[in-house]
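Trainee: model this:
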Amino acid sequence: MTAQDIRICFIGDSFVNGTGDETYLGWTGLLCAAAAKAGDISLTSYNLGIRRNTSTDILHRWEQECSLRLPEFCEGHIVLSCGINDMVVEGGHTRVPPVVSCKNVQQILQLASLKYKTIMVGPAPVWDDELNGRIKYISSAYAKIAEENGIPFIEIFSHLIADQEYLQQSKSNDGYHPASQGYAKLANIIAASTLWCFYYSLCCISTESLLLNRLQSSLHNHLSQ
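Mentor: Predicted structure coming up:
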């Protein structure tokens, strides 16, 4: 039996990139490892996360980058995740106005869904209460846009804003990004979502042990080098 050829582009910011993860897997790597083990698929993953990228930056680059990696003969998927950088205040105002940020995301989702199976993962909280207020707002706005356009949206913020272990790890790192354990938490939230399972055309599986085993193995390999 020939494995299903699935190619997936994770497009977004430093959280997509996995910045701060000493295992260099991030939530995208952990999820792909779990998905590959869960079904008879041939999975090719492209991490297109760029540090400090806003929704405006992503809007300008996503289509060219993804079209080069997702040929017509494969089953192409896009996972979009952004928003934190948009809400960072520089020079007295957010880097991207919320209205513009929403328009950017709407345009990306609408165009991407015409050609690819598309999903959005909401932004995570950071160690900054003021910024978190804006992240919470833009996450809710993105969720509404996704719903209006029939795009699956996996909300992250509410799951982690009360998780002191996650927030403390972000604080200890750089105030924004977690380390490996934090990314594993993020990956487990996504993996547990029925939207994520539906996206891969797989039945719900217990992915937590897969993700943690993968993380522990990577940490062991990393520390033994």
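
Trainee: May I have stretch 45-53 exported as PDB, CA atoms only?
Mentor: The C-alpha atoms that make up stretch 45-53 are tabulated as PDB, following Å, rounded to 0.1, in the frame of the first residue of the first chain:
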ATOM      1  CA  SER A  45       7.200  19.200   6.800                       C
ATOM      2  CA  TYR A  46       8.400  22.700   6.000                       C
ATOM      3  CA  ASN A  47       9.000  25.100   8.900                       C
ATOM      4  CA  LEU A  48       8.500  28.600   7.500                       C
ATOM      5  CA  GLY A  49       8.500  30.500  10.800                       C
ATOM      6  CA  ILE A  50      10.600  33.700  10.900                       C
ATOM      7  CA  ARG A  51      11.500  35.700  14.000                       C
ATOM      8  CA  ARG A  52       9.700  39.100  14.400                       C
ATOM      9  CA  ASN A  53       7.400  38.400  11.400                       C
END
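
Trainee: low-scoring stretches of this protein, by residue?
Mentor: Counting by pLDDT under 70, the chain shows low-confidence ranges at 1-3, 39-40, 197-225.

Trainee: Longest helix of it, counting residues only.
Mentor: In the chain, taking DSSP state H as the definition, the longest helix is helix 129-148.

Trainee: And that one, what does it pack against?
Mentor: Judged by 3 or more C-beta pairs under 8 Å, 6 or more residues apart in numbering; DSSP states H and E, the packing partners of helix 129-148 are helix 84-87, helix 98-115, strand 153-154, helix 157-160. For every residue, glycine as well, the C-beta is placed using N, CA and C.

Trainee: can you pull the buried residues of the helix or strand that contains S170?
Mentor: Taking DSSP states H and E as the criterion, S170 maps to helix 164-173. Residues 166-167, 169-170, 173 are the ones in helix 164-173 that count as buried (16 or more other C-beta atoms under 10 Å).

Trainee: Same question for stretch 27-41.
Mentor: Going by neighbour count (16+ other C-beta under 10 Å), the buried part of stretch 27-41 is 27-36, 38, 41.

Trainee: Which two of these have the greatest separation?
Mentor: For the buried residues of stretch 27-41, the farthest-apart pair by C-beta to C-beta is W27 and I41; their separation is 18.8 Å.

Trainee: quick one: contacts for I138?
Mentor: Contacts were defined as C-beta atoms under 8 Å, 6 or more residues apart in numbering; by that measure I138 touches 83, 86-87, 98, 101-102, 123.

Trainee: I154: how many residues sit nearby?
Mentor: Applying other C-beta atoms under 10 Å, we find 22 other residues in the vicinity of I154.
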